[in-house]
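Chemist: next input, structure requested:
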Amino acid sequence: MQIKIQNKEIVNAADFLNGITMKGKLSIARSRMIQILDKKQKEFAEDRKAIVESYAEKDKDGKPKLKSDNTYELSVEGNTEASKEITKLLEEYAVIEYGEHSSRLNVLEKYVTEFDEDVSGNVAQGLFVLVEAFENKEDK
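Modeler: Coordinates of the predicted model:
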């Protein structure tokens, strides 16, 4: 089985999970999901960096030029194109395979889909994202 979460929503999902208190198996399941989400967020960050580097101005050795604030130097056109690609990347889905984590993710799924406490802002959005992901899980 697998669930999908849009790259732009990974942080909100992790914020929700980080903000709730759990015990025992449920806490272990939450911690495992946070680790998975952190890994997906790092993958997104690497992909984003690769996009920016590909549009950055290059030095004589073909390496991306850095400005004094350690950001990449981009032309106006390069910045526009990189922004378009990053926007597409944000809309893509990170796929989380249950695999060896099936029993833990099933426990977390039950908790999240039955969650009945007050939340607001990004935490509420994180809850929504997780509920949607679990409700739309796919057998793969």
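Chemist: when you work out contacts or count neighbours from here on, use the C-alpha atoms and nothing else.
Modeler: Fine.
Chemist: mind listing what's buried along stretch 23-39?
Modeler: L26, S27, I28, A29, R30, S31, R32, M33, I34, I36, L37 (16 or more other C-alpha atoms under 10 Å).
Chemist: relative to S68, how far out is the fifth one?
Modeler: When C-alpha to C-alpha, to the nearest Å is applied, the distance between R30 and S68 equals 40 Å.
Chemist: and for the fourth one?
Modeler: Between A29 and S68 the distance, using C-alpha to C-alpha, works out to 43 Å.
Chemist: name the single longest helix found in the chain.
Modeler: When the chain is parsed with DSSP state H, its longest helix is helix 24-55.
Chemist: contacts for the worst-scoring helix or strand of the chain on mean pLDDT next, please.
Modeler: Each helix and strand of the chain was given a mean pLDDT (mean pLDDT, DSSP states H and E); the minimum falls on helix 102-113 at a mean of 91. Residues from elsewhere that reach helix 102-113 (C-alpha atoms under 8 Å, 6 or more residues apart in numbering): 1, 25-26, 28-30, 32-33, 98, 127, 130-131, 134.
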